[in-house]
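> coords please:
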Amino acid sequence: MYQEFYRNSQYLDLPLFALLLFMAVFVGTVFWLFVVQRKNKSRFERLAAMPLEEETEVSHDA
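Got it, this is the predicted structure:
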């Protein structure tokens, strides 16, 4: 039953294309995070410490 459905389908390449696109974006993001961003350690350390900093008041002037 499934073989007949897939034999006549014209969109069999789309799932493979979507998987390859996802993998390329994922690998590119991981590469950017661990290779490119690690070169700028001061920015990385500052952003890593943000959750531990005391909150400051923000004034909203209308």
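> Tell me the buried residues in stretch 5-17?
Buried residues in stretch 5-17, defined by neighbour count with 16 or more other CB atoms under 10 Å: none. C-beta coordinates here come from the backbone N, C-alpha and C atoms, glycine included.
> First-to-last residue distance for that stretch?
Counting by CA to CA, to the nearest Å, you get 20 Å between the two ends of stretch 5-17.
> average pLDDT for it?
What stretch 5-17 shows for mean pLDDT is 81.
> gap between that stretch and the chain center?
27 Å (CA atoms, centre = their mean, to the nearest Å).
> just stretch 33-46 next, same as before
With CA atoms, centre = their mean, you get 16 Å for stretch 33-46.
> Return that stretch as CSV; C-alpha atoms alone will do.
C-alpha atoms of stretch 33-46 as CSV (Å, rounded to 0.1, in the frame of the first residue of the first chain):
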residue,chain,number,x,y,z
LEU,A,33,29.5,29.3,18.6
PHE,A,34,32.5,27.2,19.5
VAL,A,35,35.1,28.5,17.1
VAL,A,36,34.3,32.1,16.1
GLN,A,37,32.8,33.3,19.4
ARG,A,38,35.5,31.7,21.5
LYS,A,39,38.0,34.0,20.0
ASN,A,40,36.3,37.0,21.7
LYS,A,41,36.6,35.6,25.3
SER,A,42,35.9,38.9,27.0
ARG,A,43,32.5,39.3,25.4
PHE,A,44,31.8,35.6,26.1
GLU,A,45,32.7,35.9,29.8
ARG,A,46,30.6,39.1,30.2
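> Sounds good, over and out.
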